[in-house]
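Chemist: this is a predicted model, with the sequence first.
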Amino acid sequence: MTTHTKNNDVSPLWVTGDLQLAGILDSRIIQLLKAINDSGSLNQAAKQVGLSYKGAWQIIERANNSSPKTLVTTATGGAKGGGTALTDAGQSLVNLFEELQHSHQLFLKQLNQNLVANPDNVLLFQRLIVKTSARNQLFGTVISILLGAVSAEITIKLKGNEQIITTISQPDFQELGLTLNSDVLLLLNSSEIMLATIDNPKQFSARNYLACNVIQIREDLIYAEVTLLFAGGEMLIATITKQSLHDLGLENGMRVFAVFKTNAPILGIKSCP
């Protein structure tokens, strides 16, 4: 799991935003003005910024009409094939916008640095940007590491104090660089989860046996999708057969056990850019 940065000393860009002046003047208009200044031609400037001539002309016309002073002048002919040029007011606007944009970027950088300084914020935003085919995503903290000859057993505590045990190979453990108190992400396929009721718990060899409540049941012709809620607010989705659904007598609000083996979760951590 990674966060994207432009270079090593820039915080992850959780907060972004474009600068706009007076509701219409933005970076696209400024880039067009700069291209006009460089080329002396509205036609050439439009091509440089990826606009049609008509689109560029409409932008310039709107900018001129909205400004107390003319920003761009045009004349027939001209040595550079169009006679389009910035006025002093137009150049001043470009200079002002670039100064404000620099301050704007510094402001956004400071906001992002402040967010990253709080670990709770980092976990929140990481969760929002994670995209994966696994239906279940759980965030937690490593509270125990037991190293074996070929594998490592990792105990992870969720925010509601539920504990999940997962096993990974020694090479994977070394590559992830896990330590106590590491923040981790668990990915768990819905088909890996078995269910048992509180009144009739079954015997499973699986190590993970977590109490939760059924909050939603959706059925199709063959399978049922059961949404489960932990005390801490984390949710799991389990996919079981319709026969199992009816055998267990599952209903919304029921207390059940979510059961899965230690090798079922896929473990991930935040990686440095």
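Modeler: Yes, it's here. Numbering: from 1, shown residues only.

Chemist: break down the stretch 1-150 of the chain into its helices, ranges please.
Modeler: Taking DSSP state H, counting those that start in this stretch as the criterion, the stretch 1-150 of the chain carries its helices at 27-39, 42-48, 53-66, 88-116, 119-129.

Chemist: mind listing what's buried along the host helix or strand of His246?
Modeler: Using DSSP states H and E, His246 sits in helix 242-248. By 16 or more other CB atoms under 10 Å, the buried positions in helix 242-248 come out as 245, 248. From N, CA and C alone the C-beta is placed, and that goes for glycine too.

Chemist: cool, stretch 201-212 as well?
Modeler: 206-208, 210, 212.

Chemist: tell me which helix or strand the closest residue to Phe257 other than its chain neighbours sits in.
Modeler: If the residues on either side of it in the chain are set aside, Phe257 comes closest to Ala196, at 4.4 Å by CB to CB, 6 or more residues apart in numbering. With elements taken from DSSP H and E, the one containing Ala196 is strand 194-197.

Chemist: hmm, back to that, hang on, the residue nearest to Phe257 packs against Val256?
Modeler: Yes - using CB atoms under 8 Å, Ala196 is in contact with Val256, at 6.5 Å.

Chemist: out of these two, which sits in the more crowded spot?
Modeler: Higher neighbour count among Ala196 and Val256: Val256, with 21 against 16, using other CB atoms under 10 Å.

Chemist: could you chop the chain up by domain?
Modeler: 20-116, 130-269 (automatic domain parsing).

Chemist: identify the contacts common to Ala196 and Val256.
Modeler: Applying CB atoms under 8 Å, 6 or more residues apart in numbering, one finds that Ala196 and Val256 are jointly contacted by Leu248.

Chemist: list the residues that contact His254.
Modeler: Just to correct that, residue 254 is Met rather than His. Neighbour list for Met254: 197-198, 213-214 [criterion: CB under 8 Å, 6+ apart].

Chemist: how close does it get to Asn213?
Modeler: With distances taken as CB to CB, to the nearest Å, Met254 is found 7 Å from Asn213.

Chemist: low-confidence ranges in the stretch 1-150 of the chain?
Modeler: Within the stretch 1-150 of the chain, the stretches with pLDDT under 70 are 1-16, 22-24, 75-82, 115-134.

Chemist: now the strands for the stretch 151-273 of the chain?
Modeler: With strands called from DSSP state E, counting those that start in this stretch, the stretch 151-273 of the chain shows them at 151-158, 163-169, 183-188, 194-197, 208-219, 223-229, 235-241, 255-260, 266-269.

Chemist: redo the ones you listed as JSON lines? Include mean pLDDT.
Modeler: Conversion of the strands of the stretch 151-273 of the chain to JSON lines gives the following (pLDDT from 0 to 100):
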{"stretch": "strand 151-158", "mean pLDDT": "94"}
{"stretch": "strand 163-169", "mean pLDDT": "94"}
{"stretch": "strand 183-188", "mean pLDDT": "88"}
{"stretch": "strand 194-197", "mean pLDDT": "92"}
{"stretch": "strand 208-219", "mean pLDDT": "92"}
{"stretch": "strand 223-229", "mean pLDDT": "92"}
{"stretch": "strand 235-241", "mean pLDDT": "92"}
{"stretch": "strand 255-260", "mean pLDDT": "94"}
{"stretch": "strand 266-269", "mean pLDDT": "84"}
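
Chemist: and the ones you listed: which comes nearest Phe139?
Modeler: Closest to Phe139 of the strands of the stretch 151-273 of the chain, according to CB to CB: strand 183-188, at 5.8 Å.

Chemist: spatially nearest residue to Leu221, not counting backbone neighbours?
Modeler: Using CB to CB, 6+ apart, the nearest residue to Leu221 is Lys242, at 7.7 Å.
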